[in-house]
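# Dropping a prediction and its sequence here:
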Amino acid sequence: QVQLVESGGGLVQAGDSLRLSCAASGRTFDEFGMGWFRQAPGEEREFVAAIGWSGSRLYYADSVKGRFTISRDNAKNTVYLQMNSLKPEDTAVYYCAARNYELGSAALGSNYDYWGQGTQVTVSS
């Protein structure tokens with residue numbers, strides 16, 4: 001079992017930056033591929049970014065490519081999402097997720113085994 005706790009969300013203005021963190025506990029962190037997803041009110045959950053267990057494989061949604069950066073620190077059991085040049089359309093609850101085996105698409109939520117509770121990000125115009 002893995003517990004995931006997100007932090008770092010908040011209310012910012014368009015163009016600002018935020019860094020989300022996801023702290024993992026319960027299992028060996030570096031065994032897991034990690035991902036960030038988000039869900040806006042009334043919308044489906046969507047993929048944001050993912051990172052392989054070693055940090056060498058990175059994946060991004062087109063909507064955030066060039067603005068968001070995913071990274072991980074296996075010594076701290078933490079994955080990060082640096083979000084720059086935020087836009088109002090980035091407003092959503094952001095969820096951290098972990099998957100045991102890096103099989104299948106990293107962008108598919110059903111390929112993840114554990115989820116955090118989410119952290120709210122609100123970007124005002």
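Nice, thanks for sending it over.

# wait, what's in contact with Asp113?
Taking CB atoms under 8 Å, 6 or more residues apart in numbering, we find Asp113 in contact with Val2, Ala98, Arg99, Asn100. C-betas here are computed from N, CA, C, even on glycine.

# Whichever of those residues end up buried, select them in ChimeraX.
Filtering these down to the buried ones (16 or more other CB atoms under 10 Å) takes a single ChimeraX command:
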select :2,98,99
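
# Put together CSV for the contacts of Asp113, with pLDDT and distance to Thr122 on each row.
Converted to CSV, the contacts of Asp113 look like this (pLDDT from 0 to 100; distance: CB to CB, whole Å):
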residue, pLDDT, distance to Thr122
Val2, 89, 27
Ala98, 95, 25
Arg99, 94, 28
Asn100, 87, 32
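
# Tell me which two of the contacts of Asp113 sit farthest apart.
Val2 and Arg99 (9.8 Å; CB to CB).

# Give me the common contacts of those two.
With CB under 8 Å, 6+ apart as the test, Val2 and Arg99 both reach Phe32, Asp113, Tyr114.

# how about the strands in this structure?
Assigned by DSSP state E, the strands in the chain fall at 3-7, 10-13, 18-25, 33-39, 46-51, 58-60, 68-73, 78-83, 92-99, 114-115, 119-124.

# For Leu103, give me phi and psi.
The phi and psi torsions at Leu103 (degrees, to the nearest 10) take the values phi -110, psi 140.

# how about it, what does it touch?
Contacts of Leu103 by CB under 8 Å, 6+ apart are Asn111.

# Equivalent analysis for Pro88, please.
Pro88 sits next to Ala14, Val123, Ser124, Ser125 when contact means CB under 8 Å, 6+ apart.

# Closest one to Ile51 out of the residues you listed, please.
Using CB to CB, the contacts of Pro88 come closest to Ile51 at Val123, 23.0 Å.

# What separation do you get for the residue nearest to the closest one when sequence neighbours are not counted and Val64?
Of all residues not flanking Val123 in the chain, Leu86 sits nearest, at 4.6 Å (CB to CB, 6 or more residues apart in numbering). Separation of Leu86 from Val64 (CB to CB, to the nearest Å): 10 Å.
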